[in-house]
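**Student:** mind looking at a prediction? Sequence and model below.
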Amino acid sequence: MQLIVFVKEKKYYGIQTENVGEIIKKGKVFPVPQAPIWVEGLINLRGTVVTLVNFATFLAEETNEELENIIVLTKNTDKIGLLVEKIHGVFTVNPEDIQHIKKSEQNQNIEGLISIDGKMTNIINIMTIFSENEGFH
């Protein structure tokens with residue numbers, strides 16, 4: 001299994017590459033009036049309008065870092081952009097090495113933990129997060 005690992009305030013998160021269309025740098029963002037607070041705005045991705053979600057705000061956490069990277073997530077023909085601080089890299093992991101954790105309110109979207117480059121990485125089910133919070137349907 002391959003994971004794209006990104007960093008948010010020294011915490012590492014991994015998303016399965018099957019959900020990722022591409023990674024781009026942040027460009028012009030068009031604000032959306034009356035959108036949820038975690039919607040940064042809209043971007044134009046080669047003629048396709050994509051909603052841009054601020055990952056830190058989505059988690060109700062503040063960040064002091066500049067958010068410059070966008071992970072474009074795809075589901076069927078829909079796309080959504082996830083604005084993150086820093087991309088750590090793409091890693092191939094053995095699913096047997098993943099430490100599965102019990103679901104609770106605090107970690108309901110975390111599928112498990114794995115050590116990558118000596119850092120504990122939260123493997124998140126990004127599609128569940130967005131389907132539960134007005135993202136993909």
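**Tutor:** The structure has been received and is ready for your questions. Numbering: from 1, shown residues only.
**Student:** name the spans of this structure whose pLDDT lies under the cut-off.
**Tutor:** Per-residue confidence for the chain (pLDDT under 70) gives these ranges: 103-108, 128-137.
**Student:** pick out the residue nearest the middle of it.
**Tutor:** In the chain, the centroid-proximal residue (C-alpha atoms, centre = their mean) is residue 82; its distance is 5.0 Å.
**Student:** could you check how far it is from residue 96?
**Tutor:** Plainly put, residue 82 is 27 Å away from residue 96 if you go by C-beta to C-beta, to the nearest Å. All C-beta spots, glycine's among them, are computed from the backbone N, C-alpha and C.
**Student:** same deal with residue 124?
**Tutor:** For residue 124, the distance to residue 96 - C-beta to C-beta - is 19 Å.
**Student:** now residue 57
**Tutor:** Distance from residue 57 to residue 96, by C-beta to C-beta: 35 Å.
**Student:** just residue 89 next, same as before
**Tutor:** In terms of C-beta to C-beta, residue 89 sits 21 Å off from residue 96.
**Student:** then residue 20?
**Tutor:** Counting by C-beta to C-beta, the gap from residue 20 to residue 96 is 23 Å.
**Student:** which one of those two has more residues nearby?
**Tutor:** Neighbours were counted for residue 20 and for residue 96 using other C-beta atoms under 10 Å; residue 20 has more, 18 against 5.
**Student:** could I get the contacting residues of that one?
**Tutor:** When contacts are counted by C-beta atoms under 8 Å, 6 or more residues apart in numbering, residue 20 touches 4, 71-74.
**Student:** check residue 112 too.
**Tutor:** Applying C-beta under 8 Å, 6+ apart to residue 112 gives the contacts 98-101, 123.
**Student:** how about those residues in TSV, adding secondary structure and neighbour count?
**Tutor:** Output for these, formatted as TSV (DSSP: H, G, I helix; E, B strand; the rest coil; neighbours: other C-beta atoms under 10 Å):
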residue	secondary structure	neighbour count
98	coil	17
99	strand	10
100	coil	11
101	coil	13
123	strand	26
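**Student:** need those residues in JSON lines (columns: distance to residue 25).
**Tutor:** Conversion of those to JSON lines gives the following (distance: C-beta to C-beta, whole Å):
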{"residue": "98", "distance to residue 25": "30"}
{"residue": "99", "distance to residue 25": "33"}
{"residue": "100", "distance to residue 25": "34"}
{"residue": "101", "distance to residue 25": "33"}
{"residue": "123", "distance to residue 25": "25"}
